[in-house]
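**Q** Return atomic coordinates for the entry below.
(one chain, ligands or ions: 1)
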Amino acid sequence: MAKRKVLVVGGTGYIGKRIVKASLAQEDHITTYVLQRREMGSDIDKVQLLFSFKKQGARLIEASFSDHNSLVDAVKQVDVVICTMSGSHSGSHESLLQLKLVEAIKEAGNIKRFIPSEFGTDPSRMGHALEPGRVTFDDKMVVRRAIEDAKIPFTYVTANCFAGYFAANLSQMETLLPPKEKVTIYGDGNVKVIYVDEDDVALYTIKTIDDPRTLNKTLHIRPPENILSQRELVEKWEKLLGKELEKISISQEDFLASMKGLDGFGQTVVGHLYHFFYEGCLTNFQIGEEGEEASELYPDVKYIRMDEYLKLYL
Ligand SMILES: NC(=O)c1ccc[n+]([C@@H]2O[C@H](COP(=O)([O-])OP(=O)(O)OC[C@H]3O[C@@H](n4cnc5c(N)ncnc54)[C@H](OP(=O)(O)O)[C@@H]3O)[C@@H](O)[C@H]2O)c1
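**A** Below is the predicted model of the structure:
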């Protein structure tokens, strides 16, 4: 079979660089292309990361979101586009920049699969989300509608909680490291959430690019052993640490009241945590006809369990 040509847009970002790495690792099946945005030039870390991809075999394609024809030309060179653009979580609406990419893909007419930048909560289930954080989901739904109106073949990837942001810190706000003395527990701490290592997100994403089972569907990443309550995650850390942490439970009312006085970003974080840890929006539904579960489709992936993940932080 001919090699797939995959273009990653946003390849120097947090999840994007992992997707580039996962794509490069499949060099027998995939030729990896990374969008080199003209505007990127002033950020030395990004530029060096981009050229390190080139060193590893990626092909760089120059284009700009301010130049429609350059995006069309970029898209015409490949079969698959994976976008890993920033989310709109701080109200900056970066997700909506993808509409320009959708226009280019529509005009190019050759793309066999588009994976837009989602990689979080299924936005189609978040119509009720709290302000101001609902912009994250609303903007992703605008992009979905544009993709579907343009009849572009797609897969949406719902990745749930990235481990680096949610597991390493035992889901605490304002730190990315696990506490060693006290931990804040959301409500009774028994609501199930889903933690996923970012490299596993990237691997499942790459596996899905030409899988007919995920064409025009949502790929839900729900590795069964990583469907855990916050208390179960804390217990794993306590076992590794060899001691119990002091647990301070915060009620739903007090948690929501803590939004007052925070800036927009802080309010967004509280709102999202409320939906995940009190309401249970990541696990309170069954995957229906519109979706597939990643670890069922790709049982060969030895996904990272959270006790293994947390060992790094000892
Ligand atoms: N599930 C979770 O826990 C979780 C956590 C974080 C993020 N996410 C989701 O993952 C996706 C990617 O987020 P991320 O944190 O990886 O993104 P990020 O690192 O903030 O940014 C990704 C890329 O977006 C591009 N970008 C940013 N601003 C731009 C602009 N104004 N114009 C053009 N390109 C711009 C840049 O691409 P270049 O490489 O071209 O510079 C950047 O590298 C989002 O949909 C987000 O909601 C999920």
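
**Q** What segments of this protein are strands?
**A** For the chain, applying DSSP state E gives strands covering 4-9, 30-37, 59-63, 80-83, 113-115, 155-158, 161-162, 182-186, 192-196, 217-220, 227-229, 246-250, 291-293.

**Q** how about the ones you listed in CSV, adding mean neighbour count, distance to Ile44 and mean pLDDT?
**A** Where C-beta positions appear, they are placed from N, C-alpha and C, glycine not excepted. Converted to CSV, the strands of the chain look like this (neighbours: other CB atoms under 10 Å; distance: least, CB to CB, whole Å; pLDDT from 0 to 100):
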stretch, mean neighbour count, distance to Ile44, mean pLDDT
strand 4-9, 25, 20, 98
strand 30-37, 24, 15, 98
strand 59-63, 17, 16, 98
strand 80-83, 26, 24, 98
strand 113-115, 23, 29, 99
strand 155-158, 24, 30, 99
strand 161-162, 20, 25, 98
strand 182-186, 19, 37, 98
strand 192-196, 23, 30, 98
strand 217-220, 22, 35, 98
strand 227-229, 18, 39, 98
strand 246-250, 12, 41, 98
strand 291-293, 18, 40, 98
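
**Q** Compare those and report which one is nearest to Phe137.
**A** strand 155-158 (11.4 Å; CB to CB).

**Q** can you list the residues that contact the closest one?
**A** Contact partners of strand 155-158, identified using CB atoms under 8 Å, 6 or more residues apart in numbering, comprise 113-116, 118-122, 144, 201, 204-205, 208-209, 214-221, 291.

**Q** repeat for stretch 299-312
**A** So stretch 299-312 is contacted by 163, 167-168, 178, 195-197, 199-200, 203-204, 207, 223, 225-226, 228, 233, 236-237, 239-240, 294-295 (CB under 8 Å, 6+ apart).

**Q** any idea of the mean pLDDT in stretch 91-103?
**A** The pLDDT scores in stretch 91-103 average 94.

**Q** Which of the residues in that stretch are classified as buried?
**A** By 16 or more other CB atoms under 10 Å, the buried positions in stretch 91-103 come out as Glu94, Ser95, Leu96, Leu97, Gln98, Leu99, Leu101, Val102.

**Q** ditto for stretch 286-306
**A** Going by neighbour count (16+ other CB under 10 Å), the buried part of stretch 286-306 is Ile287, Gly291, Glu292, Glu293, Ala294, Ser295, Leu297, Tyr298, Tyr303, Ile304, Met306.

**Q** now that stretch, how far from the chain's geometric center?
**A** Mean-position distance between stretch 286-306 and its chain equals 15 Å (CA atoms, centre = their mean, to the nearest Å).

**Q** Is the ligand within reach of it?
**A** No. For stretch 286-306, no contact with the ligand is found by CB under 6 Å from any ligand atom; the gap never falls below 13.5 Å.

**Q** Quick check: end-to-end length of that stretch?
**A** 23 Å (CA to CA, to the nearest Å).

**Q** quick one: contacts of stretch 52-66?
**A** Residues from elsewhere that reach stretch 52-66 (CB under 8 Å, 6+ apart): 7, 11, 20, 23-24, 27, 31-39, 50-51, 70-71, 73-74, 77, 97, 100-101.

**Q** And the contacts of stretch 299-312, which of them are buried?
**A** For those, a burial check counting by 16+ other CB under 10 Å picks out 163, 167-168, 178, 195-197, 199-200, 203-204, 207, 223, 226, 228, 233, 236-237, 294-295.

**Q** and stretch 151-160, how far out from the chain's middle?
**A** Here stretch 151-160 is found 11 Å from its chain centre; the criterion is CA atoms, centre = their mean.

**Q** Pull it out as CSV, backbone CA atoms only.
**A** What follows is stretch 151-160, C-alpha atoms only, in CSV (Å, rounded to 0.1, in the frame of the first residue of the first chain):
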residue,chain,number,x,y,z
LYS,A,151,-18.6,17.1,3.5
ILE,A,152,-15.0,16.6,4.5
PRO,A,153,-14.2,13.0,5.8
PHE,A,154,-13.4,13.4,9.5
THR,A,155,-12.6,11.7,12.8
TYR,A,156,-13.1,13.6,16.1
VAL,A,157,-10.8,12.5,18.9
THR,A,158,-12.1,12.8,22.4
ALA,A,159,-9.0,12.3,24.6
ASN,A,160,-10.5,13.2,28.1
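
**Q** Grab the nearest non-local neighbour of the residue of the stretch 51-200 of the chain found nearest the ligand.
**A** Across the stretch 51-200 of the chain, the shortest distance to the ligand (CB to the nearest ligand atom) belongs to Gly87, at 2.5 Å. Leaving out its chain neighbours, the residue that sits closest to Gly87 by CB to CB, 6 or more residues apart in numbering is Thr136, at 5.4 Å.
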